[in-house]
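*Asks:* How does the following fold in three dimensions:
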Amino acid sequence: MSDVLNLPAEARERAGKGASRALRRDGRTPAVIYGGKEAPVQIHVEEKELVKQLMTGHFFNSIVELAVGGKTIKTLAKDVAFHPVTDRPLHADFLRLTGDSKIEVQVPVVFVNEDASPGLKKGGVLNIVRHELELVCPAESIPGEIQIDLTGKDVGDSIHISEVTLPKGVTSAITDRDFTIATLVAPSALKKSEGEAAEDAAGE
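*Replies:* All right, here's what the predicted structure looks like:
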């Protein structure tokens with residue numbers, strides 16, 4: 001399960017460019033909470049705290065609990081707009097989550113049991129095609145990572161999404177193909193030696 005992040009917020013009384021500029025001058029970032037069959041709520045958050053949470057690396061894959069006026073609203077960060085020169089966050093969008101919400105997130109892939117891979121033991125190289133998986137999961141149970149077992153994997157093997165055991169209630173967002181996540185390939189030196197051996201054999 002991904003970490004739950006907590007972000008204090010305050011309601012925005014005024015909208016518009018002028019009001020937003022004033023907030024930014026005060027070190028605040030304008031934001032909006034939308035979705036969940038409720039009216040959008042205009043808020044602002046402390047810029048330093050938002051940047052701190054963005055730096056965790058899993059801001060967009062975590063539930064963000066926004067504390068607004070004594071009420072906690074569970075959300076998922078959907079977008080943050082940055083200044084093109086300074087990289088300051090200019091605006092943030094948060095999707096309100098309900099108990100039955102299903103959301104699409106990018107979840108990092110972690111490969112385990114490398115020592116049990118014959119291909120890696122003989123010098124093969126793990127060629128990672130996808131470092132993250134696009135998954136659809138319940139809002140209350142976003143996986144922090146997806147582990148992929150390399151036990152028994154040899155040079156020439158490929159790992160497809162169909163081989164991966166996903167947590168209960170979690171499915172791949174891509175359903176039209178059995179896409180490749182990683183392949184185990186021979187290093188160039190190994191390929192060269194195999195090619196020379198094949199040429200020798202052909203010449204005999």
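
*Asks:* Just list the residues touching the nearest residue to A19 once chain neighbours are set aside, thanks.
*Replies:* Closest residue to A19 in three dimensions, ignoring its sequence neighbours and counting by CB to CB, 6 or more residues apart in numbering: R12, at 7.1 Å. C-beta: built from backbone N, CA, C; applies to glycine. Contacts for R12 were tallied using CB atoms under 8 Å, 6 or more residues apart in numbering; they are 19, 23, 30, 42-44.

*Asks:* What distance do you get for R12 to G123?
*Replies:* Between R12 and G123 the computed distance is 58 Å (CB to CB, to the nearest Å).

*Asks:* same check, this time on G156
*Replies:* Applying CB to CB, one obtains 13 Å for the distance of G156 from G123.

*Asks:* okay, now V105: neighbour count?
*Replies:* By other CB atoms under 10 Å, 21 other residues sit near V105.

*Asks:* quick one: contacts for the closest residue to it other than its chain neighbours?
*Replies:* With sequence-adjacent residues excluded and distances taken as CB to CB, 6+ apart, V105 is closest to N61, at 5.0 Å. Residues in contact with N61, defined by CB under 8 Å, 6+ apart, are 2, 105-107, 142, 144.

*Asks:* and those residues as TSV, adding pLDDT?
*Replies:* Written out in TSV, the entries for the contacts of N61 read as follows (pLDDT from 0 to 100):
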residue	pLDDT
S2	57
V105	86
Q106	87
V107	89
I142	82
G144	83
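
*Asks:* In strands only, show me these.
*Replies:* With strands defined by DSSP state E, the entries of the contacts of N61 inside them are 105-107.

*Asks:* List the beta-bridge partners for the residue nearest to V68 when sequence neighbours are not counted.
*Replies:* Nearest non-adjacent residue to V68, counting by CB to CB, 6+ apart: A9, 4.8 Å away. Beta-bridge partners of A9, counted by DSSP bridges, are V45, V68.

*Asks:* A9 against A67, yeah?
*Replies:* Yes: using CB atoms under 8 Å as the test, A9 is close enough to A67 to be in contact (6.3 Å).

*Asks:* and those two? which has more neighbours close in?
*Replies:* Under the criterion of other CB under 10 Å, the comparison of A9 against A67 puts A9 first, with 26 against 14.

*Asks:* How about the contacts made by the more buried one?
*Replies:* Applying CB under 8 Å, 6+ apart, the residues near A9 are 31, 43-45, 66-68.
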